[in-house]
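A.B. asks: next one to model:
(one chain, ligands or ions: 1)
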Amino acid sequence: SSVVINLNPGVWCTRNFSSSEKFVDVSMNEKTGISTVTMQRLPVNSLNLELLQELSNVFDSLEKDKCKGMILTSASPTVFSAGLDILEMYKPKPDRLKDFWSTLQDTWIKLFGSSYATVAAINGHSPAGGCLLALSCEYRIMVGPKYTIGLNETQLGIVAPKWFQYSMENVIPKRQAELALTMGRMFSTEEAYKVGLVDEVATDKNDALVKAEKFLSGMSKVPTMARTLAKLSSRQEALEWLKNNKEQDLKQFLGFVNLPAVQKGLDIYLESLKKKK
Ligand code: CO8
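C.D. replies: Numbering: from 1, shown residues only. Here you go, the predicted model:
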């Protein structure tokens with residue numbers, strides 16, 4: 001069920017796609033048809049099962065409603081998303097771990113393969129799964145100068161799966177992607193801009209949102225069907241790979257996460273996050 005509340009009649013409306021959604025806010029500019037999807041699982045938008053389920057539902061609704069364009073951003077003032085919730089992977093419950101990974105796969109397939117145009121307004125740090133969400137969009141605008149972005153998995157003793165890697169190779173040259181992936185490199189806003197990991201730098205969140213709207217309004221001038229088919233054709237190989245290999249990818253993830261060495265690595269990493277304080 002969907003409830004439409006007019007905040008500013010005629011221009012903006014906030015949609016709750018289901019009454020249970022609390023980690024994601026969706027607002028639509030009725031004039032432009034652009035939806036802003038804001039992750040709000042504070043403090044760091046770590047992607048647990050529930051946040052992923054909500055994102056997945058929202059992406060379905062946007063597809064169904066023939067959304068004109070989507071901006072993905074965060075309600076946190078300093079973090080876009082801290083990536084996958086490590087607590088889902090550390091000492092995991094077997095059934096929940098399966099659901100968690102399958103939901104991540106589905107969320108990626110929906111976002112990476114959306115027919116509507118997508119922009120990430122990266123208003124804070126964006127490691128690992130946060131970087132994956134941003135990479136899955138068609139355009140990235142990142143607030144600078146003090147934030148970082150990258151696929152840092154190897155730093156945690158884990159490996160970004162093939163489709164994470166593909167998402168990065170879709171954006172920056174393969175050689176740069178390989179170096180970044182092996183080192184688990186986190187790029188500053190400026191470094192990310194230089195290598196092409198982000199397309200524009202913004203001074204603050206508002207600036208990022210304005211730039212995102214501008215990009216999407218340019219996109220909307222291209223005939224929709226042609227634009228969508230061009231995007232999906234360019235992304236087809238990666239999408240097909242995951243769609244055809246979901247089970248194998250899940251099996252590999254479960255096997256890897258449950259390795260004692262990986263569990264130990266996650267334990268140490270969680271401790272280091274706590275000690276930081
Ligand atoms: N998962 C769970 N909890 C987290 C995570 C996370 N990813 N990130 C932060 N937290 C927790 C912290 O432990 C802390 O908890 P508490 O308040 O209980 O001590 C709280 O969130 C706030 O964190 P910080 O104090 O660190 O917040 P800051 O604003 O100072 O820093 C950062 C924000 C920069 C995002 C920082 O928290 C950080 O670097 N987090 C870790 C990010 C990270 O490395 N994520 C990797 C996740 S793995 C992934 O996404 C892909 C896995 C691919 C699959 C692999 C196959 C096996």
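A.B. asks: who in the protein is up against the ligand?
C.D. replies: The chain has residues 43-44, 46, 78-79, 82-87, 125, 127-129, 152-153, 156, 158, 160, 253, 256-257, 273-274, 276-277 near the ligand, with proximity defined as CB under 6 Å from any ligand atom. Using the backbone N, CA and C atoms, a C-beta is placed for each residue, glycine as well.
A.B. asks: okay, and which of those map to helices?
C.D. replies: Members of these lying in helices (criterion: DSSP state H): Ile86, Leu87, Gly129, Phe253, Phe256, Val257, Leu273, Lys274.
A.B. asks: tally of neighbours for the first one?
C.D. replies: This means Ile86. Burial measure for Ile86: 18 neighbouring residues, criterion other CB atoms under 10 Å.
A.B. asks: same deal with Ser136?
C.D. replies: Applying other CB under 10 Å, I find that Ser136 has 25 neighbouring residues.
A.B. asks: could you do the one 4 residues further on as well?
C.D. replies: The burial metric for Arg140, expressed as a neighbour count using other CB under 10 Å, is 27.
A.B. asks: select, from the ones in helices among the residues of the chain next to the ligand, the two members most distant in space.
C.D. replies: Phe253 and Lys274 (25.1 Å; CB to CB).
A.B. asks: what about the two, which has more around it?
C.D. replies: Applying other CB under 10 Å to Phe253 and Lys274 shows that Phe253 carries more neighbours, namely 21 against 8.
A.B. asks: quick one, what contacts the more buried one?
C.D. replies: For Phe253, the contacting residues are Trp101, Pro161, by CB atoms under 8 Å, 6 or more residues apart in numbering.
A.B. asks: bridging residues for Val26?
C.D. replies: Assessed by DSSP bridges, Val26 has beta-bridge partners Arg15, Val37.
A.B. asks: the longest helix along the chain: which residues count as buried?
C.D. replies: What stands out as the longest helix in the chain, according to DSSP H, is helix 224-244. For helix 224-244, a neighbour-count test (16 or more other CB atoms under 10 Å) marks Arg227, Lys231, Arg235, Ala238, Leu239, Leu242 as buried.
A.B. asks: same list (those) but as JSON lines, adding pLDDT and distance to Glu200.
C.D. replies: Below are those laid out as JSON lines (pLDDT from 0 to 100; distance: CB to CB, whole Å):
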{"residue": "Arg227", "pLDDT": "96", "distance to Glu200": "20"}
{"residue": "Lys231", "pLDDT": "97", "distance to Glu200": "19"}
{"residue": "Arg235", "pLDDT": "97", "distance to Glu200": "21"}
{"residue": "Ala238", "pLDDT": "96", "distance to Glu200": "24"}
{"residue": "Leu239", "pLDDT": "97", "distance to Glu200": "26"}
{"residue": "Leu242", "pLDDT": "98", "distance to Glu200": "28"}
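A.B. asks: from the ones in helices among the residues of the chain next to the ligand, which single one is nearest Lys205?
C.D. replies: Nearest to Lys205 among those is Gly129, at 20.4 Å by CB to CB.
A.B. asks: right, and the closest one touches Ile86 too?
C.D. replies: No. Assessed by CB atoms under 8 Å, Gly129 is found out of contact with Ile86, at 10.0 Å.
A.B. asks: coming back round to it: got the CA positions of the longest helix of the chain in CSV?
C.D. replies: Extracted C-alpha coordinates of helix 224-244, given in CSV (Å, rounded to 0.1, in the frame of the first residue of the first chain):
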residue,chain,number,x,y,z
THR,A,224,13.5,7.5,-22.6
MET,A,225,13.3,4.2,-24.5
ALA,A,226,16.6,4.7,-26.3
ARG,A,227,18.4,5.9,-23.2
THR,A,228,17.2,3.0,-21.1
LEU,A,229,18.0,0.4,-23.8
ALA,A,230,21.5,1.9,-24.2
LYS,A,231,22.1,1.6,-20.4
LEU,A,232,20.8,-1.9,-20.1
SER,A,233,22.7,-3.1,-23.1
SER,A,234,25.9,-1.7,-21.7
ARG,A,235,25.2,-3.4,-18.4
GLN,A,236,23.7,-6.6,-19.7
GLU,A,237,26.7,-8.8,-19.3
ALA,A,238,27.2,-8.1,-15.6
LEU,A,239,23.5,-8.3,-14.9
GLU,A,240,23.1,-11.6,-16.7
TRP,A,241,26.2,-13.0,-14.9
LEU,A,242,24.7,-12.4,-11.5
LYS,A,243,21.2,-13.4,-12.5
ASN,A,244,22.5,-16.7,-13.8
